[in-house]
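**Student:** Fold the stuff below for me.
(one chain, ligands or ions: 1)
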Amino acid sequence: MALVIDPEADMLGVVDVQPCFMPGGALPVADGDAVVPAVNRLLAGPFAHAFATQDWHPPGHASFASAHPGRQPFESIPFPYGPQTLWPDHAIQGSAEAALHPGLDQSRIELVVRKGFRAAIDSYSAFFENDRATATGLEAWLRARGVRRLFLCGLATDYCVAFSAEDAARLGFAVVVVEDACRGIGLPLPTGGDTIAAARARLAAAGVRFCRSGDLAG
Ligand SMILES: [Zn+2]
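**Tutor:** Residues are numbered from 1 along each chain as shown. Reported below is the predicted structural model:
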């Protein structure tokens, strides 16, 4: 399946390529650092334009297990906007591990969307925070730029990439996930399977397509 990139209507979205989500970081995704060279190849190749997202939490953020006495990371608890998974403290604003990875080629990254900075709301998607109502502003920027199709890559497949892809599809963008430039967390689900398989099924049902870097041509 060759996909020809239109430099004006297509844009690459680089999700949360931050050291905190890589081996040695606070919330490591297995093999997460493998996305850096894969994303750099996309940025050097078919895509003329890109944006990036950056998880960006104040200390004591409500998504941190440490903010809820007696709770452990990866437990889910009810929040005013629905169930919320609790995480280890991560992506503290201004910290080195919250920076975009120093190996990431930022030359074609034209916008950085920071998310998760409201103390009481987590934010997985590049478009809306987890209350599903608070917009980041990305949609308006993409529309002003004339973008019609988004290619998404980065971390983690089953959380911030998946939520971004789902929102983008719902907003009417064509969406393609570049699978070899993503890595996932893969929490086990009580119903069997894990969050990566569940996200893939949910995205496919929403009309999101999947490709590999080798499928893309400029
Ligand atoms: Zn976070």
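**Student:** Name the surrounding residues that touch stretch 90-109.
**Tutor:** With contacts defined as Cβ atoms under 8 Å, 6 or more residues apart in numbering, stretch 90-109 is touched by 12, 14, 17-22, 25-27, 33, 36-37, 39-40, 43-44, 47-52, 54-59, 64, 112, 116-117. C-betas here are computed from N, CA, C, even on glycine.
**Student:** out of the residues you listed, who's near the ion?
**Tutor:** The subset of the contacts of stretch 90-109 within reach of the ion, by Cβ under 5 Å from the ion, is Asp55, Gly116.
**Student:** which ones among the contacts of stretch 90-109 are found in helices?
**Tutor:** Val36, Pro37, Val39, Asn40, Leu43, Ala44 (DSSP state H).
**Student:** Let's see if you can find the most crowded of these.
**Tutor:** Neighbour counts for the ones in helices among the contacts of stretch 90-109 peak at Val39, which has 28 neighbours (criterion: other Cβ atoms under 10 Å).
**Student:** Please identify which pair of the ones in helices among the contacts of stretch 90-109 lies farthest apart.
**Tutor:** Using Cβ to Cβ, the two most remote members of the ones in helices among the contacts of stretch 90-109 are Val36 and Ala44, lying 12.4 Å apart.
**Student:** Let me know the closest of the ones in helices among the contacts of stretch 90-109 to Arg143.
**Tutor:** Among those, Leu43 lies closest to Arg143 (Cβ to Cβ), at 22.4 Å.
**Student:** doesn't Gly13 make contact with that closest one?
**Tutor:** No. Shown here, Leu43 and Gly13 do not form a contact pair, counting by Cβ atoms under 8 Å, at 11.5 Å.
**Student:** Next, show the common contact partners of the two.
**Tutor:** Counting by Cβ under 8 Å, 6+ apart, the residues touching both Leu43 and Gly13 are Ala50.
**Student:** which outside residues touch stretch 137-148?
**Tutor:** Residues from elsewhere that reach stretch 137-148 (Cβ under 8 Å, 6+ apart): 8-11, 49, 51, 111, 113, 126-127, 150, 171, 173-174.
**Student:** Contact partners for Ser63?
**Tutor:** Residues in contact with Ser63, defined by Cβ under 8 Å, 6+ apart, are His57, Gln84, Thr85, Leu86, Trp87, Gly116, Asp122.
**Student:** Not counting its neighbours along the chain, what's nearest Ala204?
**Tutor:** In this structure, Ala204 finds its nearest non-sequential neighbour in Phe210, 7.7 Å apart by Cβ to Cβ, 6 or more residues apart in numbering.
**Student:** Go through the contacts of stretch 137-148 and flag which are in strands.
**Tutor:** Among those, the ones falling in strands (DSSP state E) are Asp10, Met11, Phe51, Leu111, Val113, Leu150, Ala174.
**Student:** Of those residues, just say which sits nearest to the ion.
**Tutor:** Set against the ion, the nearest of those by Cβ to the ion is Val113 (13.4 Å).
**Student:** Now Ala98, what are its backbone angles?
**Tutor:** Per-residue torsions, Ala98: phi -90, psi -10 (degrees, to the nearest 10).
**Student:** So what's the residue count around it?
**Tutor:** Going by other Cβ under 10 Å, the residues that sit close to Ala98 add up to 23.
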